[in-house]
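Asks: Provide a 3D model corresponding to the input given below.
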Amino acid sequence: MMDKDQVMLVHQLLDTVSEANLDKDAIVDKSLRMTYREAQREVRRVASALIRAGIRKGDRVGISMPNWHEIILLYFAASKIGAIAVPFNPKYGRYEVEHILTNSEPSVLFACEELVDRIGLDTLTRFVPRIFTVRFEREGLETFERFKASGDPEEALPEVELDPAEDLFCILYTSGTTGAPKGVMVTQKGITRSGINISRDLRCTSDDVFLLPAPLYHIFGMACNLFCSVFCEGRLVLMDVYKARDALQIIQDEKVTVHNAVPTMFVLELNVPDFDSFDLSSLRIGMAGGAPNPLETIKAVRSRMKMEFLNGYGISEAGSVSATPLGATDDEEMASVGKAHSGMEIRIVDENRQPVPPDTVGEIAVRGVGVMKGYYRMPEATAQVKDAEGWFYTGDLGRIDHRGNLHFVGRKKEMIIRGGYNIYPLEIEAVLLKHPKVMNAAVVGVPDTVL
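Replies: Prediction:
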């Protein structure tokens with residue numbers, strides 16, 4: 001059996017872990033509980049069905065659904081045959097969906113009812129030759145269950161050679177806040193290393209139970225929850241619709257030990273009216289990422305949830321980049337996003353992309369195993385943010401303190417210039433959040449003819 005620490009391909013990670021944990025629960029999806037043995041078998045069945053549907057290495061597989069176990073089976077099955085997953089938010093509007101499908105040209109699409117109803121079947125079939133419905137039926141379309149039944153888990157799959165650093169696991173589309181969504185090409189090695197690094201940061205073991213509140217079509221849900229959980233041989237409890245009170249109930253019922261989520265989710269959970277009625281004593285550790293996390297929130301989570309709580313920094317284009325160390329106690333270190341993970345480098349640069357001295361605010365640049373191969377079919381956009389030496393320029397502002405910890409300051413495009421002075425909204429928000437009657441805050445700039 002392969003040493004899981006050396007695994008760099010997505011499907012090999014599940015196969016390696018499953019062999020040692022056959023009858024242990026791997027996935028909990030509402031009333032469904034799936035062991036590692038069952039997950040491994042179902043992945044082989046789906047991989048066989050994909051082959052029988054004509055999918056081959058390099059073909060794109062569109063996936064749009066909530067956090068259901070079907071998305072996990074498709075991820076690992078696509079990897080097993082060398083296909084590329086293209087997951088996206090089922091709540092996207094027509095413009096985003098049409099752009100994603102036009103850019104990625106998937107051979108098949110596995111879709112939930114919400115997406116089909118919102119975009120329309122006529123529109124979807126213009127871009128995708130074959131559509132499978134997931135957890136609903138629609139005349140003229142095949143269901144995922146029927147598709148899966150066409151596969152044979154005992155069938156010998158064709159041998160596919162994959163280069164972990166070059167071949168893609170998925171194409172993740174950015175939210176498109178500054179234009180059309182861009183397809184981030186995530187390599188096999190990039191996503192597995194992100195999950196492994198986080199598992200090590202959190203000192204996860206096979207006894208750990210993970211809550212999955214973040215979407216699996218986002219890098220945070222993938223790296224910090226799914227791949228982290230599989231690597232440490234843990235159990236993953238899915239939430240298809242996030243509600244703060246439901247999260248607390250699941251933590252209590254499933255004895256969740258690891259709670260990784262975006263800061264807003266922690267704020268909502270702390271403000272559930274009957275928060276103190278839930279037994280959260282199983283919680284061991286958690287990590288916040290995906291958005292700035294104010295010091296006040298960090299302290300509140302540590303105090304009220306009574307768990308170790310880390311800050312992390314990551315982006316779709318670079319996976320998981322850094323995290324605060326376990327045991328951080330002083331305010332400066334707790335408020336940072338820590339040091340770079342194994343295999344990752346961080347530096348702060350000026351407008352000319354030259355390194356700046358410590359404690360100087362500049363653009364965060366990262367390099368290493370998690371950095372994307374580029375934007376799919378967008379070489380010019382890739383060249384604007386990634387240089388010949390492999391440095392990716394994030395568009396985020398930060399500084400590195402005297403201890404080498406990274407501090408996230410904000411987005412370059414969010415910086416407010418007032419009378420020649422730079423104002424970082426995140427710093428003002430942090431002050432506002434110290435007021436006991438302020439639950440959340442957002443600071444934006446408005447035009448002024450003088451300032």
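Asks: got the CA positions of stretch 315-330 in CSV?
Replies: Only the C-alpha atoms of stretch 315-330 are listed here, as CSV (Å, rounded to 0.1, in the frame of the first residue of the first chain):
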residue,chain,number,x,y,z
ILE,A,315,-7.2,31.7,-2.4
SER,A,316,-8.5,29.7,-5.3
GLU,A,317,-5.3,30.4,-7.3
ALA,A,318,-2.9,29.1,-4.7
GLY,A,319,-4.9,26.8,-2.4
SER,A,320,-4.1,26.9,1.3
VAL,A,321,-1.1,29.2,1.8
SER,A,322,-0.6,29.7,5.5
ALA,A,323,-2.0,29.3,9.0
THR,A,324,-1.3,30.6,12.5
PRO,A,325,0.6,28.2,14.7
LEU,A,326,-1.1,26.1,17.4
GLY,A,327,-0.9,27.7,20.9
ALA,A,328,-0.7,31.3,19.6
THR,A,329,-1.8,33.5,22.6
ASP,A,330,-0.7,37.2,22.0
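Asks: and that stretch, average pLDDT?
Replies: Stretch 315-330 shows a mean pLDDT of 93.
Asks: cool, stretch 391-398 as well?
Replies: For stretch 391-398, the mean per-residue pLDDT is 96.
Asks: and Ile55, how many neighbours?
Replies: 23 (other C-beta atoms under 10 Å). Bear in mind the C-beta positions are built from the backbone N, C-alpha and C, glycine included.
Asks: Disregarding flanking residues, what is the spatial nearest neighbour of it?
Replies: Ala83 (5.2 Å; C-beta to C-beta, 6 or more residues apart in numbering).
Asks: I'd say that neighbour and Ala49 touch.
Replies: No. Between Ala83 and Ala49 there is no contact under C-beta atoms under 8 Å: 11.8 Å.
Asks: State the distance from the residue nearest to Ile55 to Gln40.
Replies: 18 Å (C-beta to C-beta, to the nearest Å).
Asks: for Met8, same thing?
Replies: Met8 is 19 Å from Gln40, by C-beta to C-beta.
Asks: okay, these two: which has more neighbours?
Replies: Comparing Met8 with Gln40 by other C-beta under 10 Å, the one with more neighbours is Gln40, at 22 against 19.
Asks: On the three-state scheme, Met287 is what?
Replies: strand (DSSP: H, G, I helix; E, B strand; the rest coil).
Asks: What is the subsequent helix or strand relative to the worst-scoring helix or strand of the chain on mean pLDDT?
Replies: In the chain, no helix or strand scores lower on mean pLDDT, DSSP states H and E than strand 421-423, which sits at a mean of 74. Downstream of strand 421-423, the first helix or strand assigned by DSSP states H and E is helix 425-432.
Asks: Run through who's touching that next one.
Replies: 292, 294-296, 408-410, 414-416, 438, 441-445 (C-beta atoms under 8 Å, 6 or more residues apart in numbering).
Asks: Next: stretch 185-195.
Replies: In contact with stretch 185-195 (C-beta under 8 Å, 6+ apart) are residues 7-10, 13, 79, 162, 164-172, 219, 222-224, 226-228, 230-231, 314, 316, 319-320, 341-343, 369-376.
Asks: Would you mind writing the ChimeraX command to select the buried ones in those?
Replies: Per 16 or more other C-beta atoms under 10 Å, the buried members of these correspond to this ChimeraX selection:
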select :7,8,9,10,13,79,162,164,167,168,169,170,171,172,219,222,223,224,226,227,228,230,231,314,316,319,320,341,343,369,370,371,372,373,374,375,376
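Asks: For PyMOL, what selects the buried ones among the contacts of helix 425-432?
Replies: In PyMOL, a selection of the buried entries from these looks like this (16+ other C-beta under 10 Å):
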select buried, resi 292+294+295+296+408+409+410+414+415+416+441+443
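Asks: what's the lowest-pLDDT member of the contacts of helix 425-432?
Replies: Met415 (77).
Asks: Pull up the distance across stretch 107-114, start to finish.
Replies: 20 Å (C-alpha to C-alpha, to the nearest Å).
Asks: For stretch 47-60, list every residue counted as buried.
Replies: Neighbour-count burial for stretch 47-60 [16+ other C-beta under 10 Å]: Ala47, Ser48, Ala49, Leu50, Ile51, Ala53, Ile55, Asp59, Arg60.
Asks: who are the neighbours in contact with Ser336?
Replies: Ser336 touches Asn311, Thr324, Asp401, Asn405, Leu406, His407, counting by C-beta under 8 Å, 6+ apart.
Asks: distance of the closest residue to Met378 other than its chain neighbours from Cys224?
Replies: Distance criterion C-beta to C-beta, 6+ apart; nearest residue to Met378, sequence neighbours excluded, is Lys182 at 6.0 Å. Lys182 is 22 Å from Cys224, where distance means C-beta to C-beta.
Asks: do the same with Thr125
Replies: 35 Å.
Asks: same check, this time on Leu283
Replies: Going from Leu283 to Cys224 by C-beta to C-beta gives 15 Å.
Asks: chain center to stretch 169-178, what's the gap?
Replies: With C-alpha atoms, centre = their mean, to the nearest Å as the basis, stretch 169-178 stands 11 Å off its chain's centre.
Asks: Residues contacting it, please?
Replies: 10, 60, 75, 79, 84-88, 96, 99-100, 104, 181-188, 190-191, 217-219, 316, 376, 413.
Asks: and the residues you listed, which of them are in strands?
Replies: Residues of the contacts of stretch 169-178 located in strands (DSSP state E): Arg60, Ile84, Ala85, Val86, Pro87, Gly183, Val184, Met185, Val186, Thr187.
Asks: with the residues you listed in mind, which one is nearest to Ile348?
Replies: Val184 (22.4 Å; C-beta to C-beta).
Asks: how close does Ala70 get to Arg56?
Replies: Ala isn't right for residue 70; it's Glu. 21 Å.
Asks: what's the answer for Ala244, then?
Replies: 43 Å.
Asks: Need the per-residue pLDDT for Gly290.
Replies: 84.
Asks: which strands and helices sit next to the longest helix anywhere in the chain?
Replies: Among the elements of the chain assigned as helix by DSSP state H, the one spanning the most residues is helix 36-52. Other elements packing on helix 36-52 under the criterion 3 or more C-beta pairs under 8 Å, 6 or more residues apart in numbering; DSSP states H and E are helix 10-20, strand 25-29, helix 69-81, helix 144-149.
Asks: Lowest average pLDDT across these?
Replies: Among the helices and strands packed on helix 36-52, helix 10-20 scores lowest, with a mean of 94.
Asks: Measure how it sits relative to strand 25-29, angle-wise.
Replies: Counting by axes from the mean of the first three to the mean of the last three C-alpha atoms, to 10 degrees, helix 10-20 points 120 degrees away from the direction of strand 25-29.
Asks: Residues in contact with helix 10-20: which ones?
Replies: 1-4, 7, 26, 36-37, 39-40, 43, 75-77, 79-80, 169, 188, 191-192, 195, 227, 230-231, 233.
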